[in-house]
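>>> Take this sequence and fold it.
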Amino acid sequence: MLKSSAAFRPLVQHEKDSTTTSSSFQDWEISAKRRLEFDFGTTLFGDKGMTLLSDALESLSPLLALNLNVYETGLGDSGLHQMAKALQSQQHLQYLNLVMANTRVSDEGIIHFMTAVSSWLTSLENFMLNLRGCANILGPGIASYADALRSLRSLRSLKLNLRNCSQLQ
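Just a heads-up that it's a prediction; the model follows:
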C-alpha cells in the first residue's frame, strides 16, 4: 500500500490561484479499498512523478477503479510508458479515467499505452482518455486507440477528448 503521500509532496506544488477539476467516484459503488483517485493537475508532476506513482501502483492489491488527473504537467511519453507497465499488475481494473490534457504526450506514447491497455485490461468497462490541447498528438496514436478498442470486449462506456489538439490530422 501507499505508505504516505509524503513521497509525492515535492511533486504536488500547486501554482497560486489555480483551480482544479476532478472526476469523482460518487457514482461508482466500488469499495474504497479497490479504487484510487489522484489529482496532480497543474503541478510539477511529470515523468519522474509518474515513475514513482507507477512503482507504487504495481505493489498494490488489485484495483477496480483508477482516476488520474495529470493535466497541464510535464508528463511525456516516458511517464506514460511507466503507467502502462504499472497497469499490467492491475488486470481487474474496470474503470480508468486518465486526464492528460495539455501535456507532452505524443503519438508514440499513446500507441505504446493503448497496446498495453488492450493486452492487459480485458476487464475494462469504462474508459475515459482526455488529451485535450496535446500539441504532440498528430493522428497515428488515435488510430492505435481505435484498434485497441476492438479487443476490449467488456467495454461499455468510452470517452475520448481531443479538443484543441491543434496538430491532429
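>>> so where's this structure shaky on pLDDT?
1-33 (pLDDT under 70).
>>> Strands of this protein, residue ranges please.
Applying DSSP state E to the chain gives strands spanning 35-39, 65-69, 95-99, 126-130, 157-161.
>>> any chance of the ones you listed in JSON lines, with distance to residue 167 and mean neighbour count too?
Just so you know, the C-beta spots here come from the backbone N, C-alpha and C atoms, and that holds for glycine as well. Output for the strands of the chain, formatted as JSON lines (distance: least, CB to CB, whole Å; neighbours: other CB atoms under 10 Å):
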{"stretch": "strand 35-39", "distance to residue 167": "27", "mean neighbour count": "18"}
{"stretch": "strand 65-69", "distance to residue 167": "23", "mean neighbour count": "21"}
{"stretch": "strand 95-99", "distance to residue 167": "20", "mean neighbour count": "22"}
{"stretch": "strand 126-130", "distance to residue 167": "17", "mean neighbour count": "20"}
{"stretch": "strand 157-161", "distance to residue 167": "16", "mean neighbour count": "13"}
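>>> export those to JSON lines and tack on distance to residue 116?
Listed next are the strands of the chain as JSON lines, based on distance: least, CB to CB, whole Å:
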{"stretch": "strand 35-39", "distance to residue 116": "18"}
{"stretch": "strand 65-69", "distance to residue 116": "14"}
{"stretch": "strand 95-99", "distance to residue 116": "12"}
{"stretch": "strand 126-130", "distance to residue 116": "13"}
{"stretch": "strand 157-161", "distance to residue 116": "17"}
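>>> and of those strands, who's closest to residue 89?
Minimum separation from residue 89 across the strands of the chain (CB to CB) falls at strand 65-69, 11.7 Å.
>>> Centre-most residue in this structure?
In the chain, the centroid-proximal residue (CA atoms, centre = their mean) is residue 98; its distance is 3.2 Å.
>>> picking up where we left off before, out of the strands of the chain, the one nearest residue 151 is which?
Of the strands of the chain, nearest to residue 151 by CB to CB is strand 126-130, at 12.2 Å.
>>> The strands of the chain: which one's closest to residue 76?
Nearest to residue 76, of the strands of the chain and by CB to CB, is strand 95-99 at 14.1 Å.
>>> and the angle from the closest one to strand 126-130?
Relative orientation of strand 95-99 and strand 126-130, computed by axes from the mean of the first three to the mean of the last three CA atoms, to 10 degrees: 0 degrees.
>>> Neighbouring strands of strand 95-99 in the sheet, and parallel or not?
According to DSSP bridges, strand 95-99 forms sheet pairs with strand 65-69 (parallel), strand 126-130 (parallel).
>>> Give me the contact list for that strand.
23, 25, 28, 30, 35, 41, 64-71, 83, 87, 117, 121, 124-130 (CB atoms under 8 Å, 6 or more residues apart in numbering).
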